[in-house]
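Undergrad: Structure of the sequence below:
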Amino acid sequence: MQLTRRGLLSAGAAATVAATMLRPDYAWAQNSDMKFAASLGWTVWESGRHIVNGYKDAVEKLGGELTIADANYDIKKQADQILAFVESKPTAIFITPADAAAISPAVQEAVASGIPIFIGDSYVPNTTVTSTAMSNNFGLGAYPAEFIVEKLGGKGKVALVSLPSNESWDQRTLGAKSVFTRHPDIEIVSEIAFALGGSTTPRQVVDQILTANPELDAIWCAWDGAASEGTLAIRAAGRDVMITGIDGGQQSFEYIAAGSPFKITMAQSFYEMAYMNAFYAVEVAQGRQAPRFVITPAYAVTQDSLEGMDQMPDTYDQPGEAAKLGWNRVL
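TA: A predicted model of the protein is given here:
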């Protein structure tokens with residue numbers, strides 16, 4: 001496997017954090033007066049739980065106090081949270097955006113205040129923050145699309161459930177389309193843009209797709225919530241349709257391991273995103289440098305990846321844990 005320069009830098013950053021976590025003599029007592037603030041776009045789902053745990057564990061390990069605010073996908077609420085944190089003058093502010101473009105003005109104001117700003121999960125446009133830790137979202141979308149093409153032998157009808165509200169999440173759809181358009185015998189028969197927080201559920205969206213397309217081979221989803229609920233819709237309809245997701249987590253792994261229509265998820269390292277934000281916040285506070293961008297690992301998880309496991313893994317996204325499972329990062 002070839003390792004790109006970007007992958008090498010990301011792997012090096014992860015190795016540094018992992019080594020630090022394992023060193024019992026790495027003392028951070030002098031950091032007890034540090035105060036960190038985290039404005040999280042969401043804390044629900046397994047992704048949200050892993051993000052919260054990553055920030056909490058890091059601050060507990062590295063020193064300081066942490067205040068967490070959950071915007072629950074409310075854009076105005078998150079912008080207000082960020083500006084309120086600026087007024088409190090913390091050592092650093094952590095942000096996981098629900099809608100990165102919408103909160104960009106608030107993030108710009110936070111950057112202008114001089115407080116170090118660390119972003120997790122998404123890139124915030126028109127800002128120059130201290131550091132961002134996130135997945136390769138374009139690649140996250142392209143990989144399961146390639147999986148679908150391979151399973152269909154390069155010919156078939158596919159549908160897409162996208163998440164365009166967040167610019168980074170929308171990159172996943174662009175990645176998928178970049179694959180499908182290179183295969184002329186793959187036809188995209190439907191694309192539905194899902195709005196988080198709306199009145200329609202992912203299950204209803206997939207039901208609509210199945211009803212409108214009696215001849216359908218696969219459904220590509222921008223996140224696991226749609227793939228999990230879509231699995232239930234496919235089963236209820238008695239259809240032979242595969243479905244793919246992005247995020248990772250025990251619920252998704254259970255569906256995949258059971259041989260359901262849910263065939264692959266791109267398991268992201270949410271915990272590591274958050275931990276790296278906090279780690280480099282302390283580094284910057286102590287006068288050292290932080291990487292502008294860290295691309296955290298992603299793993300392609302299929303039924304084969306989970307074979308023989310009595311319990312679905314929950315800590316795979318903590319540094320070093322995926323290797324114990326025999327998983328290799330693909331992005």
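
Undergrad: wait, doesn't residue 201 sit right on residue 229?
TA: Yes. With contacts counted by C-beta atoms under 8 Å, residue 201 reaches residue 229, the gap being 6.6 Å. (Glycine included, C-beta is placed from N, CA and C.)

Undergrad: Of those two, give the one with the bigger neighbour count.
TA: Neighbour totals were compared for residue 201 and residue 229, and residue 229 leads with 20 against 14 (other C-beta atoms under 10 Å).

Undergrad: So that one versus residue 203, what's the distance?
TA: Per C-beta to C-beta, to the nearest Å, residue 229 is found 4 Å from residue 203.

Undergrad: Check what pLDDT residue 25 gets.
TA: Looking at residue 25, its pLDDT reads 39.

Undergrad: likewise the one 4 residues further on?
TA: Here the pLDDT value assigned to residue 29 is 41.

Undergrad: residues contacting the nearest residue to residue 155 once chain neighbours are set aside?
TA: Sequence neighbours aside, residue 185 is the residue nearest to residue 155 in space, at 3.9 Å (criterion: C-beta to C-beta, 6 or more residues apart in numbering). With contacts defined as C-beta atoms under 8 Å, 6 or more residues apart in numbering, the neighbours of residue 185 are 154-156.

Undergrad: Out of those residues, which is nearest to residue 131?
TA: Closest to residue 131 out of the contacts of residue 185 is residue 154 (40.5 Å), distances taken as C-beta to C-beta.

Undergrad: On the three-state scheme, that closest one is what?
TA: Under DSSP: H, G, I helix; E, B strand; the rest coil, the three-state class of residue 154 is coil.

Undergrad: Got phi/psi on it?
TA: Note on residue 154: its backbone torsions stand at phi 80, psi 10 [degrees, to the nearest 10].

Undergrad: Tell me which residues touch it, please.
TA: With contact taken as C-beta under 8 Å, 6+ apart, residue 154 is in contact with 183, 185-186.

Undergrad: quick one: buried residues of stretch 223-240?
TA: Judged by neighbour count (16 or more other C-beta atoms under 10 Å), stretch 223-240 contains these buried residues: 223-234.

Undergrad: could I get those as TSV with secondary structure?
TA: Output for these, formatted as TSV (three-state DSSP):
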residue	secondary structure
223	coil
224	helix
225	helix
226	helix
227	helix
228	helix
229	helix
230	helix
231	helix
232	helix
233	helix
234	helix
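
Undergrad: wait, which of the residues you listed is closest to residue 173?
TA: Of all those, residue 223 has the smallest distance to residue 173: 10.8 Å, by C-beta to C-beta.

Undergrad: what would the contacts of residue 185 look like in TSV with pLDDT and distance to residue 80?
TA: Listed next are those as TSV, based on pLDDT from 0 to 100; distance: C-beta to C-beta, whole Å:
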residue	pLDDT	distance to residue 80
154	98	49
155	98	50
156	98	46
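
Undergrad: Distance from the chain centre to stretch 141-157, please.
TA: Taking C-alpha atoms, centre = their mean, to the nearest Å, one finds stretch 141-157 lying 22 Å from the centre of the chain it belongs to.

Undergrad: do the same with stretch 244-254
TA: Mean-position distance between stretch 244-254 and its chain equals 12 Å (C-alpha atoms, centre = their mean).

Undergrad: Could you export that stretch as CSV, CA atoms only?
TA: Extracted C-alpha coordinates of stretch 244-254, given in CSV (Å, rounded to 0.1, in the frame of the first residue of the first chain):
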residue,chain,number,x,y,z
THR,A,244,-24.2,1.7,2.1
GLY,A,245,-23.4,4.2,4.8
ILE,A,246,-20.7,6.5,6.3
ASP,A,247,-19.8,7.0,10.0
GLY,A,248,-19.3,3.6,11.8
GLY,A,249,-20.5,2.5,15.2
GLN,A,250,-21.9,-0.5,17.0
GLN,A,251,-25.4,-0.3,15.5
SER,A,252,-24.2,-0.1,11.9
PHE,A,253,-21.7,-2.9,12.6
GLU,A,254,-24.5,-5.1,13.9
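
Undergrad: Now that stretch: buried residues?
TA: 244-249, 251-253.

Undergrad: and which of the contacts of residue 185 is nearest to residue 330?
TA: The shortest gap between residue 330 and any of the contacts of residue 185 belongs to residue 154, at 20.8 Å (C-beta to C-beta).

Undergrad: so how far is residue 188 from the closest one?
TA: In this structure, residue 154 and residue 188 are 14 Å apart, going by C-beta to C-beta.

Undergrad: With residue 323 instead?
TA: Using C-beta to C-beta, which is the criterion applied here, residue 323 is 37 Å from residue 188.
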